[in-house]
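J.: This is the structure alone, sequence omitted:
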């Protein structure tokens with residue numbers, strides 16, 4: 001079970017890291033706070049976290065998705081008991097262990113006055129609970145000064161409501177551990193291009209592009225061929241830094257290092273997805289999702305589709321060796337298309353002259369020269385993530 005203030009979930013890289021975290025830790029139930037995802041986008045973002053999840057939210061109280069509750073239907077069942085502006089009460093049943101308990105998920109508002117209704121709602125929920133219960137979430141409040149490890153000093157007015165609630169209902173605060181895992185909002189081509197040339201302009205461009213291609217191949221081999229390993233490396237380093245932050249209590253000491261690692265993780269995760277998108281030759285349409293598994297599977301499917309392992313000849317014989325398959329394909333198309341003829345019969349001019357013809361306006365339109373504007377329009381509509389052509393350059397590089 002995880003309760004996590006994700007501080008926004010619109011960024012594809014953050015969606016990917018959230019999904020990876022839930023997968024790596026085997027989470028069956030999660031509560032995500034402050035997603036900042038609008039109601040009409042919620043279902044799409046939730047799908048990107050995995051199709052095995054069911055979700056409950058409370059957009060009726062907030063348009064920014066303040067609380068999302070997710071669970072795996074094959075492992076647990078969840079029934080909503082009550083919703084308020086700042087909390088949701090559900091009944092959770094473990095399908096494997098046959099355990100039932102009540103869970104209150106909290107995301108408190110940001111001022112003392114606004115949170116007063118939260119304590120009233122929580123008392124009512126606790127008074128009417130029929131099962132063992134657990135309260136999790138982000139209260140946006142502290143019960144003692146040591147709960148805040150950075151920022152302004154804690155005043156008594158900030159702690160009194162929370163402390164009184166804990167004393168009145170008799171609940172105990174569970175000890176916490178683990179990393180904060182918070183999010184902070186904080187040329188090769190030129191050298192290759194200028195290294196060669198030719199007096200003939202077109203030949204010069206061809207030579208320059210060839211030099212750039214070789215330079216980019218070396219750059220990719222040296223720096224980007226193991227992008228997925230870089231992602232795992234920086235993800236592990238980030239978790240280690242945040243663990244040290246949690247254990248030492250000194251956030252400022254590691255804050256700069258954490259911010260640097262978050263930026264590196266974003267950078268390499270974007271590179272990894274870009275490489276996979278081009279290998280898969282799938283246009284990045286409305287998904288906008290860093291969905292590594294999807295593209296790995298697409299690459300496998302495309303490779304299998306383009307590989308011929310067996311053919312059946314016209315006589316029904318199965319051939320499965322490379323040489324036999326090649327010979328069969330060549331023979332098939334030779335028979336289909338024939339061989340080069342010494343002469344061809346002339347066309348029937350009478351049929352052409354008396355048959356259906358284009359109008360004068362249509363012939364004029366088809367014979368017009370292609371304008372520069374039309375060329376530019378066609379070129380600039382090519383998607384940046386389309387796979388490279390025969391010259392191994394994609395549209396983003398050229399334009």
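T.: Nice, I can see it. Quick caveat, the model's predicted, so the values are computed rather than measured.
J.: per-residue confidence at residue 397?
T.: On pLDDT, residue 397 comes in at 66.
J.: and if you look at residue 105?
T.: With respect to pLDDT, residue 105 scores 93.
J.: Beyond the one helix or strand it maps to, next helix or strand please.
T.: In the assignment (DSSP states H and E), residue 105 maps to strand 100-107. Beyond strand 100-107 on the C-terminal side, the first helix or strand identified by DSSP H and E is helix 112-127.
J.: Just the residues contacting the following helix or strand past that following helix, thanks.
T.: Per DSSP H and E, the first helix or strand lying C-terminal to helix 112-127 is strand 133-138. With C-beta atoms under 8 Å, 6 or more residues apart in numbering as the contact definition, strand 133-138 has outside contacts at 1, 3, 5, 31, 33-34, 67, 87, 101-108, 122, 126, 171. Every C-beta, even on glycine, is put in place using the N, C-alpha and C of the backbone.
J.: Just the buried ones out of the residues you listed, please.
T.: Buried members of these, scored by 16 or more other C-beta atoms under 10 Å, are 3, 5, 31, 33-34, 67, 87, 102-108, 122, 126.
J.: Which pLDDT does the model give residue 78?
T.: According to the prediction, residue 78 has pLDDT 93.
J.: residue ranges for the strands of this protein, please.
T.: 2-5, 29-33, 54-57, 67-71, 76-83, 87-94, 100-107, 133-138, 311-312, 318-319 (DSSP state E).
J.: in stretch 20-31, what's buried?
T.: Applying 16+ other C-beta under 10 Å to stretch 20-31 flags 20-22, 27-31 as buried.
J.: Apologies, that question was intended for stretch 234-245.
T.: Buried-residue list, stretch 234-245, by 16+ other C-beta under 10 Å: 234-235, 237-239, 241-243, 245.
J.: Just give me the closest of those to residue 381.
T.: residue 234 (35.5 Å; C-beta to C-beta).
J.: What sits closest to that closest one if chain neighbours are left out?
T.: Nearest residue to residue 234, sequence neighbours excluded (C-beta to C-beta, 6 or more residues apart in numbering): residue 265, at 4.4 Å.
J.: The buried residues of stretch 20-31 into TSV, with extra columns for pLDDT?
T.: Below are these laid out as TSV (pLDDT from 0 to 100):
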residue	pLDDT
20	87
21	88
22	91
27	91
28	92
29	93
30	93
31	93
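J.: Closest one to residue 345 out of the residues you listed, please.
T.: For the buried residues of stretch 20-31, the residue nearest residue 345 by C-beta to C-beta is residue 20; the value is 66.5 Å.
J.: Now that closest one. Nearest residue, chain neighbours left out?
T.: residue 235 (7.4 Å).
J.: if I look at the one you found, how far off is residue 262?
T.: According to C-beta to C-beta, to the nearest Å, residue 235 and residue 262 sit 10 Å apart.
J.: Right, I'll call it a day here.
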